[in-house]
Structures are given as structure tokens and as C-alpha cells.
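[1] Just a sequence and a predicted model for now, questions to come.
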Amino acid sequence: MKGEDIPYKMLSLDPFSQWMGIEILECEIGRCKVALTVREEMLNSMGKAHGGVSYSLADTAFGFAANTHGKYAVSIETSINHIAALEQGDYLTAEAVIDVTKNKLGFNIIEVKRDDEIVALFKGIVYRTTKDWE
């Protein structure tokens with residue numbers, strides 16, 4: 001399987017990301033950009049997007065990009081900084097760029113944006129297994 005096709009396969013097998021409405025905007029080896037629109041059922045008790053929305057979007061971009069190198073890759077540590085409150089109807093994008101390294105670990109920062117404004121910064125460490133995507 002070509003690496004840039006892997007995120008599409010992953011999305012087809014991922015009911016949570018499908019429920020979130022995540023779409024793949026761009027994908028190539030080592031890079032994936034995804035997006036979603038904040039819906040009413042994603043709001044918290046304060047009428048703002050739940051923090052898990054931007055987290056899940058960034059985590060999906062991170063995972064998709066990490067797997068484009070053809071090996072199963074899984075996150076082993078992640079965190080997020082929420083910079084701005086998000087509203088229903090906001091269109092968010094998250095782009096992950098992952099370089100191949102010789103070791104089993106990858107370290108990345110993913111920017112979540114509303115238009116050109118950074119609304120969250122996600123940091124992740126990925127572990128690359130030896131198992132191939134087929």
C-alpha cells in the first residue's frame with residue numbers, strides 16, 4: 001500500500017473520527033492535514049467546543065502522518081495547550097509533518113488553526129513498530 005493512501009484506509013476504519021466529521025484535506029508521505037466543523041453536540045456546558053475536539057483533531061492528524069511511512073505507528077505520549085475558545089460552526093484544521101528518523105520514536109508539534117489563527121498546540125511522541133500496513 002502506498003504511504004499516502006494509508007490515512008484514507010485508517011479513516012475508513014475509524015468510527016470516532018468519522019463521527020467527528022474529520023476529513024482529510026491533504027496527505028503525502030510524512031504529512032497530513034485534516035479538518036472538521038464544530039457541531040452543537042461538541043459543545044461543553046459553557047457553550048464552547050469541548051477541549052477534546054481540538055485534541056482529537058490534532059491526534060488524528062498526528063496518527064495519520066506518522067503512519068504514512070508504511071509501518072504501524074502509535075502515540076505513546078501526547079499533550080495539548082488550548083490557546084483560544086472555540087465556537088459552534090468554527091472550521092478547524094490540523095496539520096502534522098513527520099520526518100523519518102532512524103530510531104523508533106518521532107516527536108512532533110501540531111498546530112490547530114481556525115483560519116490563520118493558532119487555537120491549540122498539540123505535542124506528541126510516536127512509536128514506530130515493525131509491522132507493515134497492507
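    Looks like it came in fine.

[2] residue contacts, the closest residue to Gly51 other than its chain neighbours?
    When the adjacent residues along the chain are set aside, Gly51 lies closest to His82, with 5.6 Å between them (CB to CB, 6 or more residues apart in numbering). Where C-beta positions appear, they are placed from N, C-alpha and C, glycine not excepted. When contacts are counted by CB atoms under 8 Å, 6 or more residues apart in numbering, His82 is found next to 51, 54, 119-120.

[3] Among these, which ones are in strands?
    119-120 (DSSP state E).

[4] can you put the contacts of His82 in CSV and add pLDDT and distance to Glu28?
    Formatted as CSV, the entries for the contacts of His82 read as follows, by pLDDT from 0 to 100; distance: CB to CB, whole Å:
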residue, pLDDT, distance to Glu28
Gly51, 97, 29
Ser54, 98, 23
Val119, 98, 24
Ala120, 98, 23
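
[5] now the helix or strand of the chain with the lowest mean pLDDT, how far from the chain's geometric center?
    Using mean pLDDT, DSSP states H and E, strand 105-114 stands out as the lowest-scoring helix or strand of the chain, at a mean of 93. Centroid separation for strand 105-114 versus its chain: 8 Å, with CA atoms, centre = their mean, to the nearest Å.

[6] Stretch 28-47 too?
    Here stretch 28-47 is found 9 Å from its chain centre; the criterion is CA atoms, centre = their mean.

[7] Can I get that stretch as CSV, trimmed to CA atoms?
    These are the backbone C-alpha positions of stretch 28-47, laid out as CSV (Å, rounded to 0.1, in the frame of the first residue of the first chain):
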residue,chain,number,x,y,z
GLU,A,28,1.6,12.8,1.4
ILE,A,29,4.4,10.8,2.9
GLY,A,30,5.2,12.3,6.3
ARG,A,31,2.4,14.9,6.2
CYS,A,32,-1.3,15.0,6.7
LYS,A,33,-3.8,17.9,7.0
VAL,A,34,-7.2,17.3,8.4
ALA,A,35,-10.3,19.4,9.2
LEU,A,36,-13.7,19.5,10.9
THR,A,37,-16.5,21.8,11.7
VAL,A,38,-17.5,22.2,15.4
ARG,A,39,-21.1,21.0,15.8
GLU,A,40,-23.6,21.6,18.6
GLU,A,41,-23.1,18.2,20.2
MET,A,42,-19.3,19.0,20.5
LEU,A,43,-20.0,21.9,22.9
ASN,A,44,-19.4,21.9,26.7
SER,A,45,-21.6,23.3,29.5
MET,A,46,-20.2,26.8,28.8
GLY,A,47,-21.3,26.7,25.1
